[in-house]
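Asks: Here is the input, now give the coordinates:
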Amino acid sequence: MQIQTDHNQKEIKLHGTYEFPLLVSHERLSNYERKSFMWHWHKELEWTYVLEGEIQYQVNQQAYHLKEGQGLLCNSNMLHTGRPVNEKDCHYVSITFHPRLLEGYKDSFLKTSYVNRIVENPSIPCVALTSFADWESHILNMLKKIETLYSTQKQEEDYDFQIYLLLMEIWRIICRNVQKPANDQAATRNIARLKQILTYIHSHYKEKISLEDIAGEVNICPSECCRFFKKHMRESLFDYLLNYRIEQSLSLLSLGNENITEIAGQCGFSSSSYFSRVFRERMGYSPREYQKLSMPFVQPEA
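Replies: Residues are numbered from 1 along each chain as shown. Below you'll find the model as predicted:
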């Protein structure tokens, strides 16, 4: 399993319905092919609440070590990823919802006075619930109630209304307790630059890409491009490109329709031997072994 995104790394998954744009799901890092979910962003806001284990949750350049019972709100349009801690699994609840669920109608006082002050401020990439202040504990308890209501919705006729009221109360608490920093124009530019770099890599990963190509796309020198990317993404450009190419090869290997050499070429590797070496380093087994493990078992005919 892996998160599905477009070439801009925007997630294309539907979160709820148009009428009720909210989705609650139980997730495990072990369910992802590389035991972590890849960088992505979406218009929806996302609460993550850790039920078991630990996760390194990164929003833009800031990483948070979330433990059992802790949570985090990832703001709208922010790049984020999640990785295991000490190679152990993490079970968490994801509550994803569109800002319009809070807004009411277009340009309402709720939107202009309370929603936009958080959602449209790039200086607030997330709200971490890690110190267990009274207001944080109160929000965590309400997140648990939302998860329970959503999972047992058939038992509660007005479960969606109850969830809506809980979300509104959570948002009221956030507005009262999260300080509103000045709108940081540098943060806005950095996010836009990161997305531009990622978009270029995702659009050209099948080709031979040089550092100069990527740096030229965002109009900075190669050395500054490397420094900027590593500062914000916590991995080098080269490592990210290799990891992304490996990610793209997994679905092709699972289909089993093409040989290793063809898949290596389609994913931007110069040779099948180099692809196999990088794949083993990052996945723990060869492409051929992965292909055999992921292909469905077919019962031989009698």
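Asks: and whichever helix or strand residue 194 is part of, what other elements does it pack with?
Replies: Element membership of residue 194 [criterion: DSSP states H and E] is helix 185-204. Here helix 185-204 touches helix 211-217, helix 222-233, helix 237-255, going by 3 or more CB pairs under 8 Å, 6 or more residues apart in numbering; DSSP states H and E. C-beta coordinates here come from the backbone N, C-alpha and C atoms, glycine included.
Asks: what's residue 25 in contact with, if anything?
Replies: By CB atoms under 8 Å, 6 or more residues apart in numbering, the contact set of residue 25 is 93, 94, 96.
Asks: Give the bridge partners for the second one, please.
Replies: Think residue 94. Counting by DSSP bridges, residue 94 forms beta bridges with residue 25, residue 48.
Asks: which ones are touching it?
Replies: Contacts of residue 94 by CB under 8 Å, 6+ apart are 23, 24, 25, 26, 27, 46, 47, 48.
Asks: before we move on, back to that, pick the most deeply packed of the helices and strands packed on helix 185-204.
Replies: Neighbour counts (mean count of other CB atoms under 10 Å) averaged over each of these peak at helix 237-255, with a mean of 18.
Asks: What helices and strands are in contact with that one?
Replies: helix 185-204, helix 222-233, helix 260-266, helix 272-283, helix 287-294.
Asks: so the first one versus helix 222-233, what angle?
Replies: Taking axes from the mean of the first three to the mean of the last three CA atoms, to 10 degrees, helix 185-204 and helix 222-233 form an angle of 100 degrees between their directions.
Asks: ok, back up a step: output the helices and strands packed on helix 237-255 as JSON lines; include the columns distance to residue 247 and mean pLDDT.
Replies: Listed next are the helices and strands packed on helix 237-255 as JSON lines, based on distance: least, CB to CB, whole Å; pLDDT from 0 to 100:
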{"stretch": "helix 185-204", "distance to residue 247": "10", "mean pLDDT": "86"}
{"stretch": "helix 222-233", "distance to residue 247": "15", "mean pLDDT": "91"}
{"stretch": "helix 260-266", "distance to residue 247": "13", "mean pLDDT": "94"}
{"stretch": "helix 272-283", "distance to residue 247": "10", "mean pLDDT": "92"}
{"stretch": "helix 287-294", "distance to residue 247": "12", "mean pLDDT": "84"}
